[in-house]
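*Asks:* Starting from these lines, generate the structure:
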Amino acid sequence: MNLRTKIVALAVAPLLIALVLVALAVRHQEHDLARRERALIEKSYMDQRRSELRSYVDLAVSIVRPLYDAGRDDEETRNEALRRLAALDYGDDGYFFVYDMQGRSLMHSRQPDLVGQNLWDMRDSHGRFTIQDLIAGARAGGGYVEYEWRKPSSEQMAPKLGYVTALPRWNWMVGTGLYLDDIE
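*Replies:* Below is the predicted model:
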């Protein structure tokens with residue numbers, strides 16, 4: 001190799017190394033930015049969904065609020081409230097449910113076979129006590145709970161985010177939820 005080739009090689013080699021390092025740094029920053037952007041979008045989307053869930057439950061409670069506020073605690077009044085809640089739904093998999101604070105299903109419009117069953121000890125595949133967690137959220141003044149539940153449209157278990165609130169005088173928990181498999 002002559003002197004001229006050696007000088008050109010010594011000049012070009014660091015330039016090529018620098019270009020490769022810059023390309024690797026840009027690629028790393030691109031992946032990092034995409035990851036952070038996805039996390040930000042996911043958080044924003046979930047915040048929006050949480051707000052939506054709370055609004056759905058507030059709407060459902062407002063439908064039965066006149067009956068509840070009337071101060072009547074008879075079976076006829078409660079059955080009318082359950083009938084009104086059972087008539088509400090949204091989307092393919094959006095529905096409301098009502099449990100008493102001991103875990104007995106009082107109304108489930110998409111899975112009526114659950115009505116009358118005590119599901120207090122029911123666990124999801126992660127070992128979480130689904131109904132106990134929902135009731136704890138309701139007792140805390142309203143809350144969000146993540147759990148798994150059978151999705152009506154597919155009959156498959158799917159992750160779900162629920163929001164629940166309590167009607168203390170009637171000893172009820174009212175709630176709804178969104179399946180997260182569509183969101184993910």
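*Asks:* Strands along this protein, start to end?
*Replies:* Assigned by DSSP state E, the strands in the chain fall at 89-90, 94-100, 105-108, 143-150, 157-167, 172-179.
*Asks:* how about TSV for those, with distance to Arg128 and mean pLDDT added?
*Replies:* C-beta coordinates here come from the backbone N, C-alpha and C atoms, glycine included. Listed next are the strands of the chain as TSV, based on distance: least, CB to CB, whole Å; pLDDT from 0 to 100:
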stretch	distance to Arg128	mean pLDDT
strand 89-90	25	88
strand 94-100	16	96
strand 105-108	18	96
strand 143-150	6	94
strand 157-167	11	96
strand 172-179	14	96
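*Asks:* Look up how far Gly143 lies from the residue nearest the centre of the chain.
*Replies:* Geometric centre of the chain, nearest residue: Leu161, 2.2 Å, by CA atoms, centre = their mean. Distance from Leu161 to Gly143, counting by CB to CB, to the nearest Å: 11 Å.
*Asks:* for the protein, longest helix please?
*Replies:* If you go by DSSP state H, the chain has its longest helix at helix 3-69.
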